[in-house]
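# kindly generate the corresponding structure for this input.
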Amino acid sequence: AGSIAFLVVNVFLILIAAYINLVVLALTFIMEVIIICFLLFTLEQLPLPLEIAMLAIFSVICLYGTFASLINSTFGKTLFPMGPTLFKVTLEKESITTSPPCLTPFSHQTSGLRTLAKFLDAGGVCGIPTDTVYALAASCKHPEAIEKIYNIKDRPLEKPICICISNLEQLTTVHPPFSPLLWEFMRNVYPGGISCIVKKGEWLKKLGIGPAYEKVGTKDSIMIRVPDHTVTVHLTDMTGPLAITSANPSGEPDSTHQDMVISRLGHKLSGVLCDGESNESVPSTVVNCTKIEEGTISIIREGCVPATKVMQILERVKSQLE
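Numbering: from 1, shown residues only. As a prediction, this is how the structure comes out:
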């Protein structure tokens, strides 16, 4: 009974071996013949030469298969052939090439920057890298694009959007009525991961914010970012001031890689400038400087720059001006 059961099981082993190689197939086939010999032996009908022949062949195949496998695996190539498979399994892999929902040029390519600049100049909303986390950007030349940002990320209208400029010299050329303390403070924190909230004024229109004056900041103040990021600076030089906010659905974690922006918001954007992993995992530190003339500032949001460091910068600047 045991031999008959093994005989049936070995049939399945032969089928499996047919998908491996000829050596294993021959081994399982000879095993089947040997089992039949065992059955004939129980019936006293086994020719002795057949049993000897089968056991000899089985031994030779075992020795060859073991030796060939050992040598081939040791040297990493087929020195002793094991034979082809009798049957081949063809696994059809469906190469599903899902194209991104928006254009995704790379930041290290000049053509990538130009592509994003064209999108922004045409009134599109794009995902861009910064020195902290990824941001959504719209040109201040297109107020309607800034409105799109609110819809794209479901941002509450009461939350203002800041502007991004490439360097502090852009501010000095439009002569905003800032106090010497504020100027010196900004020189110490820009460029970098600190955003300063200052009072609004007509100087913003000279900066290039004219069309978007009512769409950025609040009625009385505006937050300014000068990122310490070469790609963002070059892009802003090409487009002019940008309205930016974090590239994430409102209330969800910030995007620290282009893939997060593409997967969550890509279907709503004109493009995403791919720059890999963000330098930081948290956004910029927001500082209210509207009362800095009185010698005080307040931390609205503590981000990548600790609040203690911001206060140390202020105290150092104040001591320098005294």
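
# is K159 in a helix, a strand, or coil?
Assigned by DSSP: H, G, I helix; E, B strand; the rest coil, the conformation of K159 is coil.

# L39: neighbouring residues, count only.
Per other C-beta atoms under 10 Å, the neighbour tally for L39 reads 13. The way it works is simple: take the backbone N, C-alpha and C, and place the C-beta from them, glycine included.

# and what of C162?
Per other C-beta under 10 Å, the neighbour tally for C162 reads 20.

# the chain: helices as residue ranges?
Remark: helices assigned in the chain by DSSP state H are 2-17, 22-42, 48-75, 110-121, 143-152, 169-174, 180-189, 203-204, 230-239, 258-265, 307-321.

# any chance of the ones you listed in JSON lines, plus distance to E158 and mean pLDDT?
JSON lines is the format used below for these (distance: least, C-beta to C-beta, whole Å; pLDDT from 0 to 100):
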{"stretch": "helix 2-17", "distance to E158": "68", "mean pLDDT": "80"}
{"stretch": "helix 22-42", "distance to E158": "72", "mean pLDDT": "81"}
{"stretch": "helix 48-75", "distance to E158": "68", "mean pLDDT": "81"}
{"stretch": "helix 110-121", "distance to E158": "25", "mean pLDDT": "96"}
{"stretch": "helix 143-152", "distance to E158": "10", "mean pLDDT": "96"}
{"stretch": "helix 169-174", "distance to E158": "26", "mean pLDDT": "93"}
{"stretch": "helix 180-189", "distance to E158": "26", "mean pLDDT": "97"}
{"stretch": "helix 203-204", "distance to E158": "20", "mean pLDDT": "94"}
{"stretch": "helix 230-239", "distance to E158": "26", "mean pLDDT": "96"}
{"stretch": "helix 258-265", "distance to E158": "21", "mean pLDDT": "96"}
{"stretch": "helix 307-321", "distance to E158": "24", "mean pLDDT": "95"}
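
# right, and those helices - which one's nearest C162?
When those are compared by C-beta to C-beta, helix 143-152 sits nearest C162, at 11.0 Å.

# which residues in the stretch 151-300 of the chain form strands?
162-164, 194-199, 221-225, 242-246, 271-272, 285-288, 298-301 (DSSP state E, counting those that start in this stretch).

# and of these, who's closest to S179?
Of the strands of the stretch 151-300 of the chain, nearest to S179 by C-beta to C-beta is strand 194-199, at 10.2 Å.

# how about the contacts made by the closest residue to K268 other than its chain neighbours?
The shortest distance from K268 to any residue other than its chain neighbours is 4.6 Å, reached at I152 (C-beta to C-beta, 6 or more residues apart in numbering). Counting by C-beta atoms under 8 Å, 6 or more residues apart in numbering, I152 makes contact with V125, L136, L265, K268, L269.

# shouldn't L314 be in contact with F185?
Yes: between L314 and F185 there is a contact at 6.2 Å, judged by C-beta atoms under 8 Å.

# neighbour-wise, which of those two wins?
Taking neighbours as other C-beta under 10 Å, L314 and F185 compare with F185 leading, 25 against 21.

# who's in contact with that one?
Contacts of F185 (C-beta under 8 Å, 6+ apart): C196, C289, I292, I297, I313, L314, V317.

# can you redo those as a markdown table with distance to F12?
What follows is the contacts of F185, written out as a markdown table (distance: C-beta to C-beta, whole Å):
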| residue | distance to F12 |
| --- | --- |
| C196 | 75 |
| C289 | 79 |
| I292 | 83 |
| I297 | 79 |
| I313 | 76 |
| L314 | 80 |
| V317 | 82 |
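
# alright, that wraps it up for me.
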